[in-house]
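>>> Kindly generate the corresponding structure for this input.
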Amino acid sequence: MLFVTVFSQTWFNLPFLHPSTWEQTFIFAAVSALIFLLLIALSFVLLRNLLKLYAERRTGVPGSKFRSRMVLGALLLSFIPVALLFLFAYGLMNRSIEKWFSTPVQELSADSSQIAAQLSGYALDNARSEAEELMINGIPAHVIDDRYLVMGAQPYDLFERVMAKAGVSRRPSLGS
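Numbering: from 1, shown residues only. Got it, this is the predicted structure:
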């Protein structure tokens, strides 16, 4: 039985179960919501009939005991296919949901990576062209206490360590 259930789920690898647009995804969601609303409505009708049957049995209406047994038997017989259908639908939905929603997420990720790469390339090209216009073609260098050379742009804590090693106690102010 389990083999038949698992094998039959592969039969439903149909192209119309893989929506490719948001409209198709919306239609699948709308149909699912409609089915859920119908389930709720039928559950209320069943509950009302069960309460009515209970009331008839409590008052002693003739034939209510037989009717109660018939309804209980019908409910038990209908519960088995409903449980199997639920398990089958649960497995089908778990397999399909990933296929429905993974493509848009992958497309968004690829598109955002492509935009980031283009923006990074544009910023690099822009910085190069501005440096060429200003005729900047070297690396900044800092000489501290005529003994220590710090090449390129470095973090602030590196400058503090070099200055402490050189014995420079304070930073020169801009005014002096």
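
>>> Report the buried residues of stretch 151-168.
159, 162-163 (16 or more other C-beta atoms under 10 Å). Where C-beta positions appear, they are placed from N, C-alpha and C, glycine not excepted.

>>> Out of these, which sit inside helices?
159, 162-163 (DSSP state H).

>>> Go through those and name the one with the lowest pLDDT.
Least confident of those in the model: Phe159, at 84.

>>> Which residues are in contact with the nearest residue to that residue once chain neighbours are set aside?
Leaving aside its chain neighbours, Phe159 sits nearest to Val150 (6.7 Å; criterion: C-beta to C-beta, 6 or more residues apart in numbering). Applying C-beta atoms under 8 Å, 6 or more residues apart in numbering to Val150 gives the contacts 141-144, 158-159, 162.

>>> redo that, cut-off 7 Å
142, 144, 158-159, 162 (C-beta atoms under 7 Å, 6 or more residues apart in numbering).

>>> Looking at the residues you listed, which is nearest Ser113?
Leu158 (32.8 Å; C-beta to C-beta).

>>> Relative to Val168, how far out is the residue nearest to the closest one when sequence neighbours are not counted?
Distance criterion C-beta to C-beta, 6+ apart; nearest residue to Leu158, sequence neighbours excluded, is Val150 at 6.8 Å. Per C-beta to C-beta, to the nearest Å, Val150 is found 12 Å from Val168.
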